[in-house]
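**Q** predicted model follows, preceded by the sequence.
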Amino acid sequence: MNEMSTLNRDNSLTDFFRRDINAQQLLNHKGISIISILMTYRCPAACAHCIFESNPQNKTHLDMDIARKVVEAASRQSPPPVLGFSGGEAFVRYKEMRELAAFGQSLGMPSEVISSSAWATSRSQAKEKLLDLRSVGFEAYCTSVDEFHIPFIKPEKMRWALQGARDAGLDARINVQVSSERSARAKSDIISRLSEILSIPESEVAEFEINPLITTPVGRARKEVTEFYYDDSKDMREGCPMATEIVTISPKGLLYPCCGMVVGEDPEKAGLFIQDNLQDKSVDEIAEMLDALKEDLFFKLLQYFGPYRILQELKRRDPSIEISDHYVGSCDVCLEFTSQEQIADATCELLADLGEVLNQRAGMELTA
């Protein structure tokens, strides 16, 4: 494992909480950009890094009634968000995914999908299938190409799917997992490795959008990944732009105002990050939940300050709280809120205190 990096400490959050908290700065009413729909936890692969520990035997899948209600509720946002399908492997629920995308298209929402590409049997077959998805509003196709996926998915399937996506007129994207300093190379080196795996020229690889993703110690990675990449230069004090802007629906019907690693945690431990269970909720109730996310204090703090600075404030309030001094990224920091009951409880106390301050300040602003 790489040598751990020590993070810079930051005290500005404490001062902000004490003197300068401003209701309007936090409650900025920014909208949802993507509704991430996890169709199933089933997947033909069982990758070592998988946050959901997906595998061919796990057949947990999203109830279609819940999914349709979410799509209809989300369409009331202005502008309506993109529908992002994933899993597991979304293509094992192809019929249902296509139906939801067509419904979303009728309500003004485009779609995109992340897939392992296990379904591809040739370039022409991939083009035909993706043309079918394009007809119901799909605009982008993304597949994962890295050392975690190739033990399970033949590289030619990834190549056929990417080329088929481009042939079908979709944006074609590649996700690449980064788990070590060796894999976190310059873009030219990543392109070279992808060219080798996919057996296509580097010039062709460069035509695809390439997204390096840092592997986080969560899910199966906690047990099966032994090396993680800790970037000494990364500033952990940044806010999280994804909180409330990307909303995830899990195959269990749980609503997360987040796209990160906490979605793979045991729901009993991830309560801070779960907005609600959508079972038996009406379209109107779900629409109200999505609107309420724009004013959710916890997620606005994550968006504005980021999880690391919140942890620093919790530790200032209670020095007995112990946190790590190294993280691979902000998603890793958020796992502190799910792995330690003391931190979750302290966060609830902090939110209660800040809620009072915000209410007082908001009242002063209204009467000023």
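**A** Yep, it's here. Worth saying up front: this structure is predicted, and the values here are computed from it rather than measured.

**Q** which stretches in the stretch 51-200 of the chain count as helices?
**A** 64-74, 94-106, 123-134, 155-167, 187-198 (DSSP state H, counting those that start in this stretch).

**Q** for A101, give me its contacts.
**A** The contact partners of A101, by C-beta atoms under 8 Å, 6 or more residues apart in numbering, come to 83, 85, 111, 133, 136-138. Yep, even glycine has a C-beta here, placed from its N, CA and C like the rest.

**Q** give me the distance between it and L133.
**A** Distance, A101 to L133, using C-beta to C-beta, to the nearest Å: 7 Å.

**Q** identify the contacts common to those two.
**A** With C-beta under 8 Å, 6+ apart as the test, A101 and L133 both reach S111.

**Q** okay, S78: pLDDT?
**A** pLDDT, S78: 89.

**Q** which residue is the nearest non-sequential neighbour of it?
**A** G31 (7.3 Å; C-beta to C-beta, 6 or more residues apart in numbering).

**Q** in contact with the one you found, which residues?
**A** Taking C-beta under 8 Å, 6+ apart as the test, what G31 contacts is 77-79, 81, 245, 294.

**Q** for the residues you listed, pick the one with the most neighbours.
**A** P81 (22 neighbours; other C-beta atoms under 10 Å).

**Q** check whether it really touches V70, as I assumed.
**A** No: using C-beta atoms under 8 Å, P81 makes no contact with V70, being 10.5 Å away.

**Q** what is in contact with those two at once?
**A** Shared contacts of P81 and V70 (C-beta under 8 Å, 6+ apart): I35.

**Q** any idea how far the residue nearest to S78 is from M64?
**A** 26 Å.

**Q** burial count for the residue nearest to V136 when sequence neighbours are not counted?
**A** Closest residue to V136 apart from its sequence neighbours, by C-beta to C-beta, 6+ apart: A102 at 4.0 Å. Neighbour count for A102, taken as other C-beta under 10 Å: 14.

**Q** ok, T121 next?
**A** T121 is flanked by 13 other residues according to other C-beta under 10 Å.

**Q** angles on the backbone of it, please.
**A** Note on T121: its backbone torsions stand at phi -110, psi -10 [degrees, to the nearest 10].
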